[in-house]
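> structure of the sequence below:
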Amino acid sequence: MTAQTCPRQHQRTTMEIASLEPSLYTVKAVFILDNDGDRLLSKYYDTELYPSMKEQKNFEKNVFNKTHKADNEIAFVEGMTIVYKCSIDLFFYVVGSAQENELMLMAVLNCLFESLSQILRKNVERRCLLDNMDGVFLVVDEIIDGGVILESDPQQVIQKVNYRADENPLSEQSVAQHITDKLAMTSNIMQSAKEQIKWSILK
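Numbering: from 1, shown residues only. Below is the predicted model of the structure:
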């Protein structure tokens, strides 16, 4: 099943999206489920959202039930904005607040999918994912840190994942530079999203 454009009644208008100012803590959660709705990977960045494992899994099951037979890209569940994509026997979800900019969330989702497609050599399916979980977690951590979007370019993510696999512990100076670089990338991503919104309005 391939993701298709959302029906009009499930989409926000371009003007509505444009009015949503990107926040620093954009992503509330990321999770990957198999085609039975069972969790393979999940990361929740807002500890108050679903604090217990049971609440998280109930939310994931609810999201899966509402999306696994749909041909949309966006869903609104339990007050959350969710963008998603499927591949063979996997479902990828990125969760933001109800006020979150959908273009930002979709940029994260596409980056995650394309990055994993590269490290899995385009075999984006359950068995390959489970065989490469260390790399999958590295990919997620390079894209999002504490809910903040760090990177939306799959090529950059792959380069950093390959580097981190072999790198030595960071010195204090390199840690400071690492943080500075990540803050700069976050600013660039937000500016890019604003430009996308501007051009979509002008069209």
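> tell me the helix or strand right after the helix or strand bottoming out on mean pLDDT in the chain.
Lowest by mean pLDDT, DSSP states H and E among the helices and strands of the chain is helix 14-18, with a mean of 44. Counting by DSSP states H and E, the next helix or strand C-terminal to helix 14-18 is strand 29-34.
> in that following strand, which residues are buried?
Using 16 or more other Cβ atoms under 10 Å as the test for burial, strand 29-34 gives 29-34. Every C-beta, even on glycine, is put in place using the N, C-alpha and C of the backbone.
> of all these, which comes closest to L109?
V30 (8.7 Å; Cβ to Cβ).
> next one: the closest one from G147, what distance?
The gap separating V30 from G147 is 10 Å, by Cβ to Cβ, to the nearest Å.
> same deal with V27?
Note on V27: its distance to G147, by Cβ to Cβ, is 5 Å.
> which neighbours do those two share?
Jointly contacting V27 and G147 under the rule Cβ atoms under 8 Å, 6 or more residues apart in numbering are Y45.
> where do the strands sit along this protein?
Applying DSSP state E to the chain gives strands spanning 29-34, 39-44, 74-77, 80-87, 90-97, 144-145, 148-149.
> can you list the strands that the fifth one pairs with?
When you say that, I think you mean strand 90-97. Strand 90-97 has the following strand partners under DSSP bridges: strand 29-34 (antiparallel), strand 80-87 (antiparallel).
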